[in-house]
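J.: Model the structure of this input:
(2 chains)
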Amino acid sequence: MKAHQLKLYNTLTRQKEDFAPINPPFVGMYVCGPTVYGDAHLGHGRPAITFDTVNRYLTHLGYRVRYVRNITDVGHLTGDADEGEDKIAKRAKLEKLEPMEVAQQYTDTYHRDMALLNTWKPSIEPRATGHIPEQIALVEAILNEGLAYVVNGSVYFDVLAYNKKYTYGKLSGRVIEELVSGSRDLDGQGEKRNSVDFALWKNASPEHLMKWPSPWGVGFPGWHLECTAMSSKYLGTQFDIHGGGMDLLFPHHECEIAQGNACNHQDPAKFWMHNNMITINGQKMGKSLGNFITLQELFTGNHTLLDQAYSPMTIRYFILTAQYRSTLDFSNEALKAAQKGYKKIINGLRIAKQLQYSPQDDIALDTEQIQQVETSIASAYRSMDDDFNTAMAIGHLFNLLKKINSMYTGQLAPAALGKEIFIQLLETYRTFVVDILGLVEEKGDVQEGLLNLLLNQYTEAKTARNYTKVDEIRSGLKAMGILVKDMKDRIDWAYEE
RNA sequence: GGUCGCGUGGCCGAGUGGCUAGGCAGAGGUCUGCAAAACCUCGUACAGCGGUUCGAAUCCGCUCGCGACCUCCA
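T.: The predicted structure is shown next:
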């Protein structure tokens, strides 16, 4: 393995920085997970795939990653201050279920969808409700620091007091004075000393469903608190990477930094990474806008905006074709192009497995070809080293794929590359596609044995020049998404793109 | 209103000063019973205007258009 200087964009400093773990070879990464009150949508897919790829690449480079992604199973408020309703409780009432049944149900569907997208499971997947004592301890610590205050059984973080010692707004680039003057006068925030203060613990009304006893009475934790509690418990008070969607940058991550500094006197994370949003017709796709498409709807094609179903791997590939910090616009056209691109990549994987190296004395090394392969390999790594530029890496993979395909069709002899480069080419291609990008063949309805039987018939018919039969088999297989390929010396097949 | 970001060929989408991104769609060619696949070749794009520079999609300014965050959201 060559030396890699991984650079990643740190939202905190707004520039790309050299990555170095606090305790090599270990890397601690915390990513904000879903609030489980509904099916996961395309917007959940993006951070999951983005940080899965980060996890995969770091692991590939030899780091030992502890990847923590939480499940938020305590609903936060749908509205402002006391007027709001717990999202999970709301769903529970609607479906006549226990809140925990709702959380369990959608945790399960989330896991199912993430597995389909071929994301690695987090090392630890803590739940907010499983860490109530830790959260209460944090509130007490912040109170002890004099950076929070209690009102009517609720505890609020005192942002102005905090800002005297630390800097509130350093992540989002917000200036406290502007926040104070710019924040709206909301009803029901009378308890707070200042509108910029945020809840650490909320007093629960009698009809509130999810609540716990605390030193300040029965209540529930504020929504920024769980991430601080769980990240510090499992990764320490300062860890390497904190990830999440850009929409969480403010106030959520800003508040995490404030809470971390208030308790531990240091920033919780060295690097903050934020994936951009998926847009639909140029507008953010999101629950609040009601324009989201769930992953299941994508997989089944069951949505008015969808022309057809798109497989999980198509979705994964689609997301990886854009740099994670760019917005990515959803459209049927783009997804169909992604589907074809993905199939092409996977067909290449099948082909690569078949290729054999055989030395040929009559074939000289082709230095130009060799150099092209070497350049593409190096470029693919350089792309990933540059803030996980999967889009660019994929571009270089297609260049490698051309070489693989050329060898497959006999237009390029493996011997022209030399054994070492030949092996390196195949190995790099497979490693990038499968290990790093996480793209795998989708076990469809292809039964290899059955297929080979049919292809034998095809070959026999062809030898007998029975073209009616040949065409019949070919069109029959095409209807099932299998392309028959008549090669010079044999018959092969591929997934239809 | 405040803060931040974006505008790339028919479509998607990389690219921060000179060196072919790539995919999809399209055209021509090689191969082939015919196809398909694959491979080769092709379009010479960077919102507009001005500036800096030997040289700009890439830096600076202005204009226009779009979006995100500021309230729960990945």
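
J.: outside of stretch A:371-391, which residues touch it?
T.: A:2, A:4-9, A:16, A:50, A:53-54, A:57, A:320-325, A:392-393, A:395-397, A:399-400, A:403, A:417, A:421, A:424-425, A:428, A:432, A:436-437 (C-beta atoms under 8 Å, 6 or more residues apart in numbering). Quick note: C-beta positions are derived from backbone N, CA and C, even for glycine.

J.: one more time with 6 Å, if that's ok
T.: A:4, A:6-9, A:16, A:54, A:57, A:320-323, A:392-393, A:396, A:399-400, A:403, A:421, A:425, A:428, A:432 (C-beta atoms under 6 Å, 6 or more residues apart in numbering).

J.: Could you do stretch A:197-216 as well?
T.: A:74, A:89, A:99, A:132, A:136, A:139, A:148, A:150, A:152-157, A:159, A:217-220, A:222, A:225, A:255.

J.: list the buried ones in that stretch?
T.: A:197-204, A:209-212, A:214, A:216 (16 or more other C-beta atoms under 10 Å).

J.: closest to RNA strand B among these?
T.: The closest of the buried residues of stretch A:197-216 to RNA strand B turns out to be residue A:198 (C-beta to the nearest atom of the strand; 7.3 Å).

J.: ok so, going back, go through the buried residues of stretch A:197-216 and name the one nearest residue A:276.
T.: Nearest to residue A:276 among these, counting by C-beta to C-beta, is residue A:198 at 24.7 Å.

J.: tell me which element the residue in the stretch 1-150 of chain A positioned nearest to RNA strand B is part of?
T.: Nearest residue of the stretch 1-150 of chain A to RNA strand B: residue A:43, at 2.6 Å (C-beta to the nearest atom of the strand). Assigned by DSSP states H and E, residue A:43 belongs to helix A:42-60.

J.: Which helix or strand lies directly C-terminal to that helix?
T.: Assigned by DSSP H and E, the successor of helix A:42-60 is strand A:64-69.

J.: Tell me how far the next helix or strand after that following strand lies from the chain's centre.
T.: Per DSSP H and E, the first helix or strand lying C-terminal to strand A:64-69 is helix A:87-95. Taking C-alpha atoms, centre = their mean, to the nearest Å, one finds helix A:87-95 lying 27 Å from the centre of the chain it belongs to.

J.: Helix or strand next in line after helix A:87-95, which one?
T.: helix A:99-116.

J.: model confidence over that following helix, on average?
T.: Average pLDDT, helix A:99-116: 95.

J.: isn't the residue of the stretch 1-150 of chain A closest to RNA strand B right up against residue A:288?
T.: No. Using C-beta atoms under 6 Å, residue A:43 makes no contact with residue A:288, being 10.8 Å away.

J.: List the buried residues of the host helix or strand of residue A:8.
T.: Remark: residue A:8 resides in strand A:7-10, with elements defined by DSSP H and E. By 16+ other C-beta under 10 Å, the buried positions in strand A:7-10 come out as A:8-10.

J.: Report whether that strand contacts RNA strand B.
T.: No. If you take C-beta under 7 Å from any atom of the strand as the test, strand A:7-10 misses RNA strand B, and the best it gets is 9.1 Å.

J.: what does stretch A:309-324 give?
T.: Yes. Using C-beta under 7 Å from any atom of the strand, we find that stretch A:309-324 touches RNA strand B at A:321-323.

J.: Around residue A:252, how many other residues sit close by?
T.: 18 (other C-beta atoms under 10 Å).

J.: Show me which of the contacts of stretch A:197-216 are buried.
T.: Buried, going by 16+ other C-beta under 10 Å: A:74, A:89, A:99, A:132, A:136, A:139, A:148, A:150, A:153-157, A:159, A:219-220, A:222, A:225, A:255, out of the contacts of stretch A:197-216.

J.: Out of these, which sit inside helices?
T.: A:89, A:99, A:132, A:136, A:139, A:159, A:225, A:255 (DSSP state H).

J.: Pull up the per-residue confidence for the fifth one.
T.: Yep, that's residue A:139 we're talking about. 97.

J.: average pLDDT for the helix or strand encompassing residue A:178?
T.: In the assignment (DSSP H and E), residue A:178 maps to helix A:176-182. In this model, helix A:176-182 has a mean pLDDT of 72.

J.: Counting neighbours, what do you get for the closest residue to RNA strand B within chain A?
T.: Closest contact between chain A and RNA strand B, by C-beta to the nearest atom of the strand, is at residue A:245 (1.9 Å). A count of nearby residues for residue A:245, using other C-beta under 10 Å, gives 21.

J.: pretty sure it contacts residue A:47?
T.: Yes. Using C-beta under 6 Å, residue A:245 is in contact with residue A:47, at 5.4 Å.

J.: okay, and the common contacts of the two?
T.: residue A:275.

J.: Kindly report the residues of the stretch 101-250 of chain A close to RNA strand B.
T.: Close to RNA strand B, as judged by C-beta under 7 Å from any atom of the strand, the stretch 101-250 of chain A has residues A:172-175, A:178-179, A:182-184, A:223, A:244-250.

J.: Could you tell me which of the residues you listed count as buried?
T.: Judged by 16+ other C-beta under 10 Å, buried ones among these: A:172, A:174, A:179, A:223, A:244-246, A:248-249.

J.: residues in contact with the residue of the stretch 1-150 of chain A closest to RNA strand B?
T.: By C-beta under 6 Å, 6+ apart, the neighbours of residue A:43 are A:278, A:285.
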